[in-house]
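Q: only geometry, no sequence info:
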């Protein structure tokens with residue numbers, strides 16, 4: 001009789017263990033989901049930048065970002081052609097980046113964005 005009770009208890013405990021482990025597996029994100037979350041979504045941003053030697057401009061960047069501010073690292077130190085010039089200018093500082101359909105926080109940046117040719 002005692003042997004039957006032990007077998008029943010063992011089967012019950014085993015069933016509960018299997019049942020609980022299935023929840024753990026289904027709740028965990030796959031490696032692909034974790035990678036995509038870390039990578040961010042495709043986003044177009046505009047950034048107010050300062051050039052080496054003086055001057056300000058609005059630069060555009062498209063990439064996989066979780067936040068628009070992550071584009072700062074992409075543009076910082078980058079050499080770009082400004083106003084169809086023959087030489088390239090180096091971006092020394094990125095003041096602010098926002099999604100391309102949003103407005104800058106400072107009026108000075110918004111004004112420069114308004115006159116920027118697209």
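A: Structure's in. What do you need? Given the structure is predicted, the values throughout are model-derived calculations rather than measurements.

Q: okay, CA-based contacts and neighbour counts for the rest of this
A: Will do.

Q: Doesn't residue 57 belong to a strand?
A: Yes. The assignment for residue 57 (DSSP: H, G, I helix; E, B strand; the rest coil) places it in a strand.

Q: Any idea what it is bridged to?
A: residue 49 (DSSP bridges).

Q: Pull the contacting residues for it.
A: 48, 49, 50, 112 (CA atoms under 8 Å, 6 or more residues apart in numbering).

Q: Where does the prediction get shaky in this protein?
A: Residue ranges of the chain with pLDDT under 70: 1-8, 10-11, 13-14, 16-29, 31-40, 83-85, 118.

Q: which of the contacts of residue 57 sit farthest apart?
A: 50 and 112 (12.3 Å; CA to CA).

Q: ok, back up a step: relative to residue 97, which of the contacts of residue 57 is nearest.
A: residue 48 (6.6 Å).

Q: Quick one: neighbours of the closest one, just the number.
A: 22 (other CA atoms under 10 Å).

Q: Quick check: the residue lying closest to it once chain neighbours are set aside vs residue 69, distance?
A: Excluding its sequence neighbours, the residue lying closest to residue 48 (CA to CA, 6 or more residues apart in numbering) is residue 58, at 4.7 Å. As judged by CA to CA, to the nearest Å, residue 58 and residue 69 stand 14 Å apart.

Q: Where do the domain boundaries of this protein fall?
A: 2-36, 40-115 (automatic domain parsing).

Q: What helix or strand is residue 112 located in?
A: helix 107-115 (DSSP states H and E).
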